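Asker: Predicted model and sequence below, questions to follow.
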Amino acid sequence: MANTPSAKKATRKIEARTAINTARRSRVRTFLRKVEEAIAAGKKDEAVAALKVAESELQRAAGKGVFHKNLADRKVSRLAKRVKAIA
C-alpha cells in the first residue's frame, strides 16, 4: 500500500493509464476481428478495406506503447499475406 503522497499519485496514474491501454488494446482487437471475419467469409474487398483500417490502428497502438512495434508489423504482414491469398 502506498504511503507517501507521490506514491499515491503514481498509483492513480497507473490505474488511469491501465484503463486507457486496455481500451486501446480492445479497440485494436475489434479491428483485427473484422479483418478475420472478412477473410473467413472470402470477401476480398471487405478484407482489404478492413486491413487498411486495422493496420493504422495497430501502428497507432504501437506508437502509444500498447504493443511493440515488431508485433504490430508482424500482425499486419501476416494479415496482408492472408488477404492477398483470397481467390
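Answerer: Looks like it arrived, so ask away.
Asker: use CA for all of it now, contacts and neighbours both
Answerer: Fine.
Asker: Quick check: pLDDT value at M1.
Answerer: Per-residue pLDDT puts M1 at 82.
Asker: can you give me the helices in the chain?
Answerer: For the chain, the helices defined by DSSP state H cover 5-41, 44-64, 69-85.
Asker: The longest one vs helix 69-85, what angle?
Answerer: Spelled out, that is helix 5-41. In terms of direction (axes from the mean of the first three to the mean of the last three C-alpha atoms, to 10 degrees), helix 5-41 departs from helix 69-85 by 10 degrees.
Asker: that older thread, need the winner for burial among the helices of the chain.
Answerer: helix 44-64 (a mean of 18; mean count of other C-alpha atoms under 10 Å).
Asker: I'd like to know how far T4 sits from K13.
Answerer: Taking C-alpha to C-alpha, to the nearest Å as the measure, T4 and K13 are separated by 14 Å.
Asker: Pick out the residue nearest the middle of the protein.
Answerer: V28 (3.0 Å; C-alpha atoms, centre = their mean).
Asker: which ones are touching that one?
Answerer: A54, E57, L58, A61 (C-alpha atoms under 8 Å, 6 or more residues apart in numbering).
Asker: Excluding sequence neighbours, find me the nearest residue to A61.
Answerer: F67 (6.1 Å; C-alpha to C-alpha, 6 or more residues apart in numbering).
Asker: and if you look at A54?
Answerer: Nearest one to A54, counting by C-alpha to C-alpha, 6+ apart, is F31 at 5.1 Å.
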